[in-house]
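Undergrad: pasted the sequence and its predicted model underneath.
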Amino acid sequence: MNFPTSIFKAYDIRGLVGTELTPELADGVGRALADFLPEDGPVAVGYDMRPDSVELAAAVRAGLMRQGRTVYDIGEVASDMIYFAVGHLGAAGGAMVTASHNPGAYNGIKLCAQEARPIGLETGLAEIRDAVASQIYKPVDKPGLEEKRDVMDDWVHHALSFVNVKTLKPYHIAVDAGNGMGGLVMPRLVGKWPLTVEPMYFELDGTFPNHPANPLVEENNRDLVAKIKADKLDFGIAFDGDGDRAALVDETGRIVPGHIMTAILAKHFLQKFPGSNIIYDARNSHLVVDVAKENGGQAIRSRVGHSYIKADMRTYDAPFGGEFSGHYYFRDNWYADSGLLGALVAIQVLSDSGKKLSELVDEFASRYARSPEVNFKVEDKAGEIAKLKQLYADGQQDELDGITVTYPEWWFNVRPSNTEPYLRLNVEAKTPELLQEQFEKLRALLAA
């Protein structure tokens, strides 16, 4: 089968619908996944609200059944629900048709194995890609069957088990689902928790008519911020397209960045599980290290990306892991990430603190100044990293993910994109002035 192999990314499959990602390809992915999974048993398949997701998911299910697998069709769900379904139903694996927050012309497929273990290029996706290309599949005696499974009620019950609903304050909030899957899940909380929710863009529409469903881009939260301020709400929540990320926005309109959310949630889990490990990614803040030490735990750095985070969480039996990008992982959720769980636990922490969200955030935000992640187009990524290694030889260096150089008052990480000619820069310092000085030096070097 001819297709652009570049749509098989580091962690999932994503491409333009019709030209790059077709039902024929999705059928092949289903067949190859069925052959690849090491465990016998059924495979769960879900899909998001994009216009072509129903057709692509049907093709994935057909491919799985052609290879003899029983398929659990869990229908239209958020991405974190596929991980839950695989673990909860004891399935051999799962497939979720979604392109997360990418524009409506795109779609994709996320894959996992038993107990929601991720399947990326280094853990099976390359083999699946090659099987689809060659169209060589295992012979089977008879096709598998399809079963409908509705996991929504079980998912909501599971999510609420992460908080003590009786102690949550009756906050008045706005939730911007961005026309994504959060709009399907959030109404199921009505009557099960004490919060009053002002819904925004809950209508499922994979063309994203109001704004892109990526809450880490400040512009995309403009309507949510206006609503919070106009109605004097306690705070807001913004979900990404497939619902596996959620960002909180405080009562002043400031988005809570991923590194601060990681620190807030890490403190909660260290108090709940004393002496445990917390996983954080290589571009995340030293704030996480400080919070772990202050609360009797240990912060362990991981490479950027969910497959690495999840593997390290299993290795170190960590109850929680967080990424700068706003993905939050939970041991009691099969080590998988979830936007809803991240939001719920943060609300519990806020309620227990007795503070406003802005006050809670300010406690953590004042310790370090940091840059956003900035991309630089670079043809010779390895050469540029080698140059930085020489220029910053007087700092403490490691190459866990790209290069990280640490000094007493500041540090930076430069790591290569897995799929594009980009280097990604993150810088953090103890003062805004030092941050600006060192960031400008690095930007000049990488932009040259």
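TA: Great, that's in hand.
Undergrad: ok, and for stretch 34-50, which residues are buried?
TA: Residues 34-37, 42-50 are the ones in stretch 34-50 that count as buried (16 or more other CB atoms under 10 Å). Heads up, the C-betas are built off the backbone N, CA and C, glycines and all.
Undergrad: most widely separated two among those residues?
TA: Asp35 and Met49 (29.6 Å; CB to CB).
Undergrad: quick one, domains of the chain?
TA: Domains of the chain are assigned by automatic domain parsing as 5-150, 154-249, 258-365, 369-447.
Undergrad: export those domains to JSON lines and tack on mean pLDDT?
TA: Listed next are the domains of the chain as JSON lines, based on pLDDT from 0 to 100:
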{"stretch": "domain 5-150", "mean pLDDT": "97"}
{"stretch": "domain 154-249", "mean pLDDT": "97"}
{"stretch": "domain 258-365", "mean pLDDT": "97"}
{"stretch": "domain 369-447", "mean pLDDT": "96"}
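Undergrad: who is Gly94 paired with across the strands?
TA: When bridges are called by DSSP bridges, Gly94 pairs up with Ala44, Cys112.
Undergrad: what count of nearby residues applies to it?
TA: Neighbour count of Gly94, defined by other CB atoms under 10 Å: 29.
Undergrad: and the closest residue to Leu344 other than its chain neighbours, how many neighbours?
TA: Of all residues beyond its chain neighbours, the one nearest Leu344 is Val163 (5.1 Å), with distances taken as CB to CB, 6 or more residues apart in numbering. The local packing of Val163 (other CB under 10 Å) involves 19 other residues.
Undergrad: what do you get for the one 5 residues further on?
TA: By other CB under 10 Å, the residues close to Leu168 number 18.
Undergrad: what residues does Asp223 make contact with?
TA: 176, 200-201, 210-211 (CB atoms under 8 Å, 6 or more residues apart in numbering).
Undergrad: doesn't Met186 make contact with Pro199?
TA: Yes. Using CB atoms under 8 Å, Pro199 makes contact with Met186 at a distance of 7.1 Å.
Undergrad: for those two, indicate the residue with more neighbours.
TA: Taking other CB under 10 Å, Pro199 and Met186 do not tie; Met186 has more neighbours (22 against 14).
Undergrad: from Ile13, how far out is that one?
TA: From Met186 across to Ile13, the span is 28 Å (CB to CB, to the nearest Å).
Undergrad: which ones are touching the most centrally placed residue in the chain?
TA: The chain has His327 as the residue nearest its centroid, 3.7 Å off, counting by CA atoms, centre = their mean. Applying CB under 8 Å, 6+ apart to His327 gives the contacts 244-245, 258, 306, 309, 337.
Undergrad: and the gap between it and Tyr308?
TA: For His327, the distance to Tyr308 - CB to CB - is 11 Å.
Undergrad: next, show the common contact partners of Pro199 and Met186.
TA: In contact with both Pro199 and Met186: 175, 177, using CB under 8 Å, 6+ apart.
Undergrad: please tell me how far Ile347 sits from Tyr335.
TA: Distance from Ile347 to Tyr335, counting by CB to CB: 22 Å.
Undergrad: of these two, which one has the most company?
TA: Neighbour count, other CB under 10 Å: between Ile347 and Tyr335, Tyr335 has more, with 27 against 22.
Undergrad: pretty sure that one sits against Thr315.
TA: No. Assessed by CB under 8 Å, Tyr335 is found out of contact with Thr315, at 10.3 Å.
Undergrad: the stretch 101-250 of the chain: strands as residue ranges?
TA: 106-113, 146-148, 172-176, 196-200, 235-239, 246-249 (DSSP state E, counting those that start in this stretch).
Undergrad: no further questions, thank you.
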